[in-house]
Structure formats: C-alpha cells, structure tokens
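Enquirer: Provided below are the primary sequence and the corresponding predicted coordinates.
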Amino acid sequence: MKKVLRSAFYRLGPQSRRWVRRALMLPVDLLVLLRHGGRPRYAGIALPLPGEVFTGGGDFLANGLLFKAHFMELAGLRPDERVLDIGSGLGRMAIPLTDYLTRRDAYEGFDVVQEAVNRCKELISRPYPNFSFTWAPLHNDLYTADGARAEDFRFPYADADFDFAWATSVFTHMDRNEVARYLLETRRVMRPGGRFLATFFLMDSQAEASSQGGPYAFKVQRDGVWFMDAEVRAANVAFSPEDVEAMARAAGWSSVEVHFGRWSGRGGPTLDFQDLVLLRA
Ligand SMILES: C[S@@+](CC[C@H](N)C(=O)[O-])C[C@H]1O[C@@H](n2cnc3c(N)ncnc32)[C@H](O)[C@@H]1O
C-alpha cells in the first residue's frame, strides 16, 4: 500500500507534490506551532514546519545537527573554512552551521528550486550575511518542471574557491551523467587539501538483498544504474560503489572513503540513512 501511494505521489508535478504534502501535514504543523508557541528556532532562525519540508523525511533540525557532527568528525571541518552546499534545499545543513562558521564569506549554497533559495535568503542570509544562496535554473525530474541540463552545468564559482563541500541527499536524485559532472565541478572549485562529503544509495550485493521487497526497493535497473520508479527517474537513484569510485577518480579526487548507511541494514545508529562517501582532493 505504502509503495502504491508513493508511486502515485511521484506522478504528480513538483509543485502539486509540495501542496499535497502541506495539506496532508497541516494537523502536524498546527501541533508543532501550538507546542512551541510559534515556529521552532535555531540560532534565531525560524525552522520550516514538517509540512513545508519537501526535501526529505525525519527531524529537520536533528538531521542537520547530525551532519554538522559528520562534517567536523569525518571531514575535519574547521570554523575558519569556506564551504559549498550543493542542493542546499531549505537550509537543513546551513542553519546548524550559522553558529559555527566564522569567515565573512563562509558559506555558498545553490539549488534548483527557486522558492527554497528565496526562503533561505530571507530567513538565513538576512541575519547571517556570510551565508549566500544562489538559484540554479536546472531541470530535475523530481524537483523542477523545466530548466537547463544539470549535466552541462558549470558551478558559478571560481577554481579552488572552497575548502569543503557536501551534497546531502542530492546525488540520490540525479542521473549518472549529472553526478559525473558534479564530481568534476566540485573538484574544480576545491582547494588543495579540500574534502567533499556526498551521500549516495550504494548498490552492492548486500544492499540488493536487504532492499528487496522493502520500502527502499530499487526495482528498475538500466545501464548499471538502479531506480525506484521507472517513470520519475530522479525519485531515487542508486549506483554501485565501484562506479562511484571510478567517477570520483576520473574527476580527479585522490581518495575515496565509504561509510555505509542504515538503508541497507548497515551502519550504526549515529550514521545516516544513506551511504556517506568522503572524497579528498
Ligand atoms: C532531498 S533534497 C536535499 C536537500 C538538502 N541537501 C538537505 O540535505 O536537506 C534534494 C535537493 O536537491 C536539489 N536538486 C535537485 N537537482 C539538483 C541539481 N541538479 N543541482 C542542485 N540541486 C539539485 C533539490 O531541489 C532539493 O533541494
């Protein structure tokens, strides 16, 4: 039943999907508002209500804080570094970093959903002008109805501009050519010693066995790429670990470190649902 509903949901357009979520979650949103006497906040920034979060499930703030810890502990993020957030969404990763990053030009984020970028500008950049957000008018099967091809996109930043970048739950919604392009572009804008943390669904034999029949079953396989939905290809996408490593090395990354997530029955409780791949320049 859950799979049928999810499949029907994916067949709606991106805007309609956002409105359906808002309507269905209205009672939850009202409860949150009542319980907190308004919107919950972090570092003075109003957080989106559950019905407004079109970028994935789970606790918005808790997940952001968990990744803040991953950025520091796995990738060695320091307060004085300049960072890039690829697919910045509603600022789930940005908000917990507002009380950590100290540079005047600390943070750049870009996303394909214009209203999400505008919201981040309003709620985050206004009180924290060292956080900048840019709209990239690109097409994505799941998030945007039209736009340019992501596989041709040149990031709007100079070479060697950043110390650290991340793409959380973004390559899980992009096709192989797009991911290959983004790995190249991220490497181009990374300084010597730079790191890149990206989440993936990595499909190996254990993941294939444990995902069969479950809510995260990748039923469609084409040219070495796995999809959950044949119609909406960006609904969820999985790659083999070998393919991701080959793409990363071809893009010029010198080291590739994998931490398996919970979706395939691995990873400890503190690791993410998705698999984490840490690349070093
Ligand atoms: C599941 S959400 C994750 C958002 C955010 N990274 C987070 O962890 O909360 C996926 C995000 O990727 C964005 N996105 C999709 N295709 C993209 C592309 N080609 N370039 C940049 N962002 C993209 C979507 O608009 C959406 O905000």
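Expert: Thanks, I have it. Residues are numbered from 1 along each chain as shown.

Enquirer: interface residues of the stretch 51-200 of the chain facing the ligand?
Expert: Proximity of the stretch 51-200 of the chain to the ligand is confined to 55-56, 86-87, 89, 92-93, 111-113, 116, 136, 138, 140, 143, 150, 168-170, 173-174, 178 under the rule CB under 6 Å from any ligand atom. No exception for glycine: its C-beta is placed from N, CA and C like everyone else's.

Enquirer: at 8 Å instead, please
Expert: With the criterion set to CB under 8 Å from any ligand atom, the stretch 51-200 of the chain comes near the ligand through 54-56, 60, 63-64, 67, 85-93, 110-113, 116, 136, 138-140, 142-144, 150, 153, 166-170, 172-174, 178, 182.

Enquirer: which of these count as buried?
Expert: Buried subset of those (neighbour count, 16 or more other CB atoms under 10 Å): 54-56, 60, 63-64, 67, 85-93, 110-113, 116, 136, 138, 140, 142-144, 150, 153, 166-170, 172-174, 178, 182.

Enquirer: What about the residues you listed, which are in strands?
Expert: Within those, residues falling in strands by DSSP state E are Asp85, Ile86, Phe110, Asp111, Trp166, Ala167.

Enquirer: could those residues be laid out in CSV, adding pLDDT?
Expert: Listed next are those as CSV, based on pLDDT from 0 to 100:
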residue, pLDDT
Asp85, 98
Ile86, 98
Phe110, 98
Asp111, 98
Trp166, 98
Ala167, 98
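
Enquirer: pLDDT weak spots in the chain?
Expert: Counting by pLDDT under 70, the chain contains low-confidence residues at 1-7.

Enquirer: how about the helices of it, start to end?
Expert: Secondary structure of the chain by DSSP state H: the helices cover 2-10, 14-24, 26-36, 60-73, 94-97, 114-120, 176-188, 205-211, 241-250.

Enquirer: Quick check: which of the ones you listed is buried the most?
Expert: Of all the helices of the chain, helix 94-97 carries the top mean neighbour count, a mean of 25, counting by mean count of other CB atoms under 10 Å.

Enquirer: My guess is Pro192 contacts Ala281. True?
Expert: Yes - between Pro192 and Ala281 there is a contact under CB atoms under 8 Å: 6.1 Å.

Enquirer: sorry, back to before: format the helices of the chain as JSON lines; extra columns: distance to Gln221.
Expert: Listed next are the helices of the chain as JSON lines, based on distance: least, CB to CB, whole Å:
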{"stretch": "helix 2-10", "distance to Gln221": "17"}
{"stretch": "helix 14-24", "distance to Gln221": "25"}
{"stretch": "helix 26-36", "distance to Gln221": "36"}
{"stretch": "helix 60-73", "distance to Gln221": "29"}
{"stretch": "helix 94-97", "distance to Gln221": "35"}
{"stretch": "helix 114-120", "distance to Gln221": "31"}
{"stretch": "helix 176-188", "distance to Gln221": "12"}
{"stretch": "helix 205-211", "distance to Gln221": "9"}
{"stretch": "helix 241-250", "distance to Gln221": "12"}
